[in-house]
Every structure is written in C-alpha cells, then in structure tokens.
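S.K.: this is a predicted model, with the sequence first.
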Amino acid sequence: MFVGALELDILLGDVHSLKQKRSVVRPVVAEVRRRFSVSVAEAGHLDLHRRALIGVAVVAAEGEHVRDVLDSCERYLAGRPEFELLSAHRRLLGPDD
C-alpha cells in the first residue's frame, strides 16, 4: 500500500473577503475530489483571504499510480486561472516506511 500527500500553497486573485475566498476555493476542492477520486480539503491559511493551502491525499496499491494522480491534481490546480500556485510539497509513504 502506498499513501501520497500533496500540499498546494495558493495565492488567490481578485478576492477581498473570506466569503469570496470560500466561493472560489470550495468549487475547486469539490471538482478535484470528483475528477480525481482523492481526499482533498482546504487545510491552511484559513484566516487569510488571499491565500489557501489545499491538501490532497490518495491511497493505492502502486506507488506509480499515486505519483500519477498527484501529478494530475497539481497540473489541474496550477492551470486554474483564478489563482497562482506558489508552492507544492508532496510525500509518498510505502510499505518500507
């Protein structure tokens, strides 16, 4: 069994309140969950209206599949026009960890 985690630090564009932030982040989180069948949540920067930390997790039998899914999630989020991807950090845990 392999477990992968991805943390994406995002700068939001024209957002001036936490309410506007939620209206941008929630649909994206829901779309990532639906499109890639992963666990995903806004996991940080909850009190900042122009920043978001999105966490993605996936479990699979093969490490390569975990890497492919996390790569796809990162590419999808990096391509979104409403925000800028500042950084991405990933972890992969396998049977030997």
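M.R.: Yes, it's here.
S.K.: point out where the protein drops to low pLDDT.
M.R.: Residues of the chain meeting the criterion pLDDT under 70: none.
S.K.: tell me, which helix in it spans the most residues?
M.R.: Secondary structure of the chain per DSSP state H: the longest helix is helix 18-36.
S.K.: contacting residues around that one?
M.R.: If you take CB atoms under 8 Å, 6 or more residues apart in numbering as the criterion, helix 18-36 is touched by 12, 15, 38-42, 47, 49-50, 52, 54, 56, 58, 69, 72-73, 76-77, 80, 82-83. All C-beta atoms are positioned from the backbone trio N, CA, C, and that covers glycine.
S.K.: go on, stretch 82-97?
M.R.: Contacts for stretch 82-97 (CB under 8 Å, 6+ apart): 1-13, 24, 28, 52, 63, 66-67, 70, 74, 77-78.
S.K.: restricted to helices, list these.
M.R.: Filtering the contacts of stretch 82-97 for helices - DSSP H - leaves 24, 28, 63, 66, 67, 70, 74, 77, 78.
S.K.: so who does the third one touch?
M.R.: Put plainly, it is residue 63. 2, 92, 94.
S.K.: ok, of the residues you listed, which come out buried?
M.R.: Buried members of those, counted by 16 or more other CB atoms under 10 Å: residue 2.
S.K.: and the contacts of residue 63 as CSV, adding distance to residue 20?
M.R.: Below are those laid out as CSV (distance: CB to CB, whole Å):
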residue, distance to residue 20
2, 37
92, 34
94, 40
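S.K.: about what we covered before: list the buried residues of the longest helix of the chain.
M.R.: Buried residues in helix 18-36 (16+ other CB under 10 Å): 21, 24, 25, 28, 29, 32, 36.
S.K.: may I see those residues arranged in JSON lines, with distance to residue 88 as well?
M.R.: Putting those into JSON lines (distance: CB to CB, whole Å) gives the following:
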{"residue": "21", "distance to residue 88": "20"}
{"residue": "24", "distance to residue 88": "18"}
{"residue": "25", "distance to residue 88": "16"}
{"residue": "28", "distance to residue 88": "15"}
{"residue": "29", "distance to residue 88": "16"}
{"residue": "32", "distance to residue 88": "13"}
{"residue": "36", "distance to residue 88": "15"}
